[in-house]
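Coordinates for the following, if possible.
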Amino acid sequence: MGNKRNVIRDKSFQFALKIVSLNQKLVRNKKYVVARQLLKSGTSIGANVEEASAAQTKKDFIAKMAIASKEARETKYWLR
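Numbers count the residues shown, from 1 in each chain. Now for the predicted structure:
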């Protein structure tokens, strides 16, 4: 992908920053289990999108984006 703008990568990174901020608030309120799970799944979305952007094959790209999608669904659960 090089220097090309990638909206999904940008938005997933911004989302991860918001998750980190929310995690800090949850920890202050002693919501440790939710904070930990949300931090893991919410930041994993962007990490997998980033990996997908460097995929060497279409199959690898699809696999990484599928993982990102699953992490997004898990994050949605913890946010509920």
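
Backbone torsions only: list them for K31.
For K31, the backbone dihedrals (degrees, to the nearest 10) come out as phi -100, psi 60.

and what of T57?
phi -140, psi 160.

Now do it, the pLDDT please.
Per-residue pLDDT puts T57 at 97.

what's the spacing between it and A63?
T57 sits 9 Å away from A63, taking C-beta to C-beta, to the nearest Å as the criterion. From N, CA and C alone the C-beta is placed, and that goes for glycine too.

Look at the two and report which has more neighbours.
A63 (15 against 8; other C-beta atoms under 10 Å).

How about W78, nearest residue that isn't a chain neighbour?
L38 (4.4 Å; C-beta to C-beta, 6 or more residues apart in numbering).

OK, contacts around that neighbour?
19, 22-23, 26, 75, 78-79 (C-beta atoms under 8 Å, 6 or more residues apart in numbering).

Could I get the residues you listed in a markdown table, plus columns for pLDDT?
As requested, those are exported to a markdown table (pLDDT from 0 to 100):
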| residue | pLDDT |
| --- | --- |
| I19 | 98 |
| L22 | 98 |
| N23 | 98 |
| L26 | 97 |
| T75 | 98 |
| W78 | 97 |
| L79 | 96 |
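
Residue nearest the middle of this protein, spatially speaking?
I45 (2.1 Å; C-alpha atoms, centre = their mean).

Verify the stated contact: that residue with E71.
Yes - look at I45 against E71 with C-beta atoms under 8 Å: they come within range, at 4.7 Å.

quick one: T57 and F13, what's the gap?
Taking C-beta to C-beta, one finds T57 at 24 Å from F13.

count of neighbours near S12?
Neighbourhood size, S12 [other C-beta under 10 Å]: 22.

Also K30?
The number of residues near K30, taken as other C-beta under 10 Å, comes to 8.

what's the answer for the one 3 residues further on, then?
Residues contacting V33 under the criterion other C-beta under 10 Å number 10.

Cool, thanks, talk later.
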